[in-house]
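*Asks:* return a 3D structure for these sequence lines:
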Amino acid sequence: MTEKTSRLEELVARLTQVESVLMHLQHDVEQLNEALLQQNLIVDTLGKSLKRLDSRMGALEVEDDGPDPVQDKPPHY
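*Replies:* All right, here's what the predicted structure looks like:
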């Protein structure tokens, strides 16, 4: 083998390794993107549920005009 052929083979091997690493990185980025999209859907769903619960709690607080059980002491005190 000549020095040029050896150098060319080395460069081809390095390029092949770089391409392989790049393919793995692209795959990992796609997986991370998919996970992020799924988590975003979950966060949106939880946010909507929280708003509904907050609205319901507000409505219950307005409707509740009864005595406060924490403030009212039972007769045996």
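*Asks:* so for stretch 32-49, what gets flagged as buried?
*Replies:* Neighbour counts over stretch 32-49 (16 or more other CB atoms under 10 Å) mark no residue as buried. All C-beta atoms are positioned from the backbone trio N, CA, C, and that covers glycine.
*Asks:* pull the CA atoms of that stretch into PDB?
*Replies:* Provided in PDB are the C-alpha atoms of stretch 32-49 (Å, rounded to 0.1, in the frame of the first residue of the first chain):
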ATOM      1  CA  LEU A  32     -36.300  13.100  22.700                       C
ATOM      2  CA  ASN A  33     -38.600  15.200  20.500                       C
ATOM      3  CA  GLU A  34     -41.300  12.500  20.700                       C
ATOM      4  CA  ALA A  35     -41.000  12.300  24.500                       C
ATOM      5  CA  LEU A  36     -41.200  16.100  24.800                       C
ATOM      6  CA  LEU A  37     -44.300  16.200  22.600                       C
ATOM      7  CA  GLN A  38     -46.000  13.600  24.800                       C
ATOM      8  CA  GLN A  39     -45.000  15.400  28.000                       C
ATOM      9  CA  ASN A  40     -46.400  18.600  26.500                       C
ATOM     10  CA  LEU A  41     -49.800  16.900  25.900                       C
ATOM     11  CA  ILE A  42     -49.800  15.700  29.500                       C
ATOM     12  CA  VAL A  43     -48.900  19.100  30.900                       C
ATOM     13  CA  ASP A  44     -51.700  20.700  28.800                       C
ATOM     14  CA  THR A  45     -54.200  18.000  30.000                       C
ATOM     15  CA  LEU A  46     -53.200  18.600  33.600                       C
ATOM     16  CA  GLY A  47     -53.400  22.400  33.200                       C
ATOM     17  CA  LYS A  48     -57.000  22.100  31.900                       C
ATOM     18  CA  SER A  49     -57.900  19.700  34.800                       C
END
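*Asks:* give me the distance between Gln38 and Glu63.
*Replies:* Note on Gln38: its distance to Glu63, by CB to CB, to the nearest Å, is 38 Å.
*Asks:* next one: Thr16
*Replies:* From Thr16 to Glu63 the distance is 71 Å (CB to CB).
*Asks:* ok, Thr45 next?
*Replies:* 27 Å.
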